[in-house]
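Engineer: sequence and predicted model, in that order:
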Amino acid sequence: QVQLVESGGGLVQAGGSLRLSCAASGRTFSRYCMAWFRQAPGKERELVAAISWRGGNLYYADSVKGRFTISRDNAKNTVYLQMNSLKPEDTAVYYCAANEGWITTTTDYDYWGQGTQVTVSS
């Protein structure tokens with residue numbers, strides 16, 4: 001089992017920045033691919049960014065490329081999402097997820113956090 005706890009969400013004005021953190025506990029964190037998903041009201045959950053277990057592979061949704069950066073610190077069992085130049089359309093609940101394999105085409109991840117709200121005001 002892997003337990004994931006997100007933090008860092010909040011309310012920010014358009015153009016601002018937030019840094020989300022996801023602390024993992026349980027089984028060996030460094031063996032898991034990590035990802036950030038988001039879900040806005042009335043919309044499907046979508047993959048925002050993913051990082052492989054050593055950080056060699058990265059994925060970003062087109063909508064966040066150049067603005068968001070995913071990173072991980074395996075020594076601290078933590079994955080981060082730095083979000084810059086935020087837009088109102090980035091408003092959503094952001095979820096951290098872990099998976100043994102590299103997946104960027106589905107939401108079929110093994111473990112999920114409880115989510116953290118990000119609200120961007122115009």
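Structural biologist: Alright, I've got the coordinates.
Engineer: how about the strands of this protein, start to end?
Structural biologist: Listed in chain order, the strands of the chain (DSSP state E) span 2-7, 10-13, 18-26, 33-39, 46-51, 58-60, 68-73, 78-83, 92-99, 111-112, 116-121.
Engineer: helices or strands up against the third one?
Structural biologist: Based on contacts counted as 3 or more C-beta pairs under 8 Å, 6 or more residues apart in numbering; DSSP states H and E, the elements that strand 18-26 packs against are strand 2-7, strand 33-39, strand 78-83, strand 92-99, strand 116-121. In short, each C-beta sits where N, CA and C put it, glycine included.
Engineer: 6 Å - rerun?
Structural biologist: Here strand 18-26 touches strand 2-7, strand 78-83, going by 3 or more C-beta pairs under 6 Å, 6 or more residues apart in numbering; DSSP states H and E.
Engineer: among those strands, which is nearest residue 121?
Structural biologist: strand 78-83 (14.4 Å; C-beta to C-beta).
Engineer: in the closest one, what's buried?
Structural biologist: 78-81, 83 (16 or more other C-beta atoms under 10 Å).
Engineer: same check on stretch 25-42?
Structural biologist: Of all the residues in stretch 25-42, those buried under the rule 16+ other C-beta under 10 Å are 29, 32-38.
Engineer: before we move on, back to that, how about the helices and strands packed on strand 18-26 in a markdown table, adding distance to residue 60 and mean pLDDT?
Structural biologist: Output for the helices and strands packed on strand 18-26, formatted as a markdown table (distance: least, C-beta to C-beta, whole Å; pLDDT from 0 to 100):
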| stretch | distance to residue 60 | mean pLDDT |
| --- | --- | --- |
| strand 2-7 | 18 | 95 |
| strand 78-83 | 10 | 98 |
